[in-house]
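> Here's my sequence, what's the structure:
(one chain, ligands or ions: 1)
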Amino acid sequence: MTICPDNRSGGLDGRLPHLALTFRRPLNPTLPHMSAIPDLSTAVGHTPLLRLRQASALTGCEILGKAEFLNPGGSIKDRTALGLIVDAEKRGLLRPGGTIVEGTAGNTGIGLALIGASRGYRAVIFMPDTQSREKIDALRVAGAEVRLVPAVPFKDPRHYVHLARAYGESLNEAAPGSAWFGNQFDNTANRDWHEATTAAEIWEQTSGRVDGFVCSAGTGGTLAGVGRALKSRKPAVQIALSDPAGSALANYINHGELVAEGSSISEGIGSSRVTANFQDAPIDLAWSIPDQESVPLLHELLREEGWCVGGSSGVNLAGAIRLAKALGPGHTIVTVLSDAGTRYQAKLFNPAFLREKGIPVPGWLDRAFPS
Ligand code: PMP
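Numbering: from 1, shown residues only. Predicted coordinates:
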């Protein structure tokens, strides 16, 4: 078994003999004698599971992070993009040379554009203009046509999801069958792909010894898919939502009402509505996590363990620590490191920006970027 206890060593970890923290990609059937993969889609998923040393020491649990930032497009949303595309191809909704249209906070769009490039589709992406410059640039580099639109509530017809759907419909009116709207929030092929891949990997990598899974929700595909699959294999497993401030989902789970308070600098997570993907997520516990709790955790993770992850991963890590405290020492908790911190460089590692938001700035960051 290949175990990867931290980012300094790929060797065996005698302390965790039951955990396979790395994961082997399937071999290319056309080149069975070589461990080469045939295309970008095959490189999606099969991510290592990282033991998070400080969080584990703090709680007496094994806290493990699925390294989704290692996907080819840099985020967990490569899985969603691939799941949606494969489903649309099967249904005949996405035809050779077709146009993919999607509304996204960025990461799903990056996945769709790159997988689209490798499979012969072009991508038109609608996204709110509040998202990070780095994600917008990554989308353009990936070859997507990017339409930035004002961030408005979902009930407003100018919301990016409605604009994407309408644009897809207009392309199909002009040339029937030429475009496909991914609809990641309400297309449950998203959740199903996580059920079949992300959850199956977690189960295998922990040899089934997982006691809790926790993450935040944007579409809800990850939480619902992994939650459903783990519960079906092991009903006692605890599934938890770590929700950023400003999202209504934690309150919805705890009190049945979609009420939001505060705000967060995290991107791609939180919601004011219950999506089709989120709807049947089997959630036992839910917390609203302030940035003042999550951002220092991701700063420490980078400084002490070398993993550079984004804001949603900080919210997930905070949730993992809360879940570990709720379950008590000796449990194995899995969470998701969804994308890389470099995708938010100008916010997460910018002392002036952090101060303006009332988020603590570690001394090393101040020294790295003196004002
Ligand atoms: N983290 C990041 C960085 C994301 O981009 C997203 C999705 N927008 C999520 C987490 C949430 O994942 P899901 O859509 O599966 O709920």
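> Average pLDDT for the helix or strand hosting Leu58, rounded please.
Assigned by DSSP states H and E, Leu58 falls within helix 53-59. In this model, helix 53-59 carries a mean pLDDT of 98.
> Could you look up the next helix or strand downstream of that helix?
Where DSSP H and E defines the elements, the next helix or strand beyond helix 53-59 is strand 62-67.
> which regions of the protein lie under the pLDDT threshold?
1-18, 20-29 (pLDDT under 70).
> ranges for the strands of it?
With DSSP state E, the ranges of strands along the chain come out as 49-51, 62-67, 99-103, 122-128, 145-149, 179-181, 212-215, 238-244, 285-289, 332-337.
> interface residues of the stretch 1-150 of the chain facing the ligand?
Neighbours of the ligand within the stretch 1-150 of the chain, by CB under 6 Å from any ligand atom: 75, 77, 105, 107. C-beta coordinates here come from the backbone N, C-alpha and C atoms, glycine included.
> and if you look at the stretch 151-300 of the chain?
For the stretch 151-300 of the chain, the residues in contact with the ligand (CB under 6 Å from any ligand atom) are 216-223, 268-269.
> biggest separation within these, which pair?
By the measure CB to CB, Leu223 and Gly268 form the most distant pair in those, at 13.1 Å.
> Okay, and the beta partners of the spatially closest residue to Arg140 that is not a sequence neighbour?
Leaving aside its sequence neighbours, Arg140 sits nearest to Val146 (CB to CB, 6 or more residues apart in numbering; 5.8 Å). Beta-bridge partners for Val146, by DSSP bridges, are Ile125.
> Val146 is in contact with Leu139, isn't it?
Yes: here Val146 reaches Leu139: they are 5.1 Å apart, a contact under CB atoms under 8 Å.
> Which of the two has more residues huddled nearby?
Leu139 (26 against 18; other CB atoms under 10 Å).
> if I look at the residue in the stretch 151-300 of the chain positioned nearest to the ligand, how far off is Ser371?
Among the residues of the stretch 151-300 of the chain, Gly268 lies closest to the ligand, at 2.8 Å counting by CB to the nearest ligand atom. Gly268 sits 29 Å away from Ser371, going by CB to CB, to the nearest Å.
> Of the two, which one has the most company?
Per other CB under 10 Å, whichever of Gly268 and Ser371 has more neighbours is Gly268, with 26 against 6.
> Skip the chain neighbours and tell me the closest residue to the more buried one.
Ala105 (4.2 Å).
> Looking at the residues of the stretch 151-300 of the chain next to the ligand, which one is closest to Leu64?
Thr222 (15.1 Å).
> Can you give me the neighbour number for the closest one?
Around Thr222 there are 31 residues (other CB under 10 Å).
> ok, now Asp156?
10.
> how close does Arg51 get to the ligand?
To the ligand, Arg51 is 21 Å away according to CB to the nearest ligand atom, to the nearest Å.
> Now for Gly212: which residues touch it?
Taking CB atoms under 8 Å, 6 or more residues apart in numbering, we find Gly212 in contact with 237-240, 323-324, 327, 331-334.
> Go again with 7 Å.
By CB atoms under 7 Å, 6 or more residues apart in numbering, the residues touching Gly212 are 237-238, 240, 323, 327, 331, 333.
> got it, and Thr335?
So Thr335 contacts 65, 214-215, 316-317, 319-320 (CB under 7 Å, 6+ apart).
> Nothing else from me, thank you.
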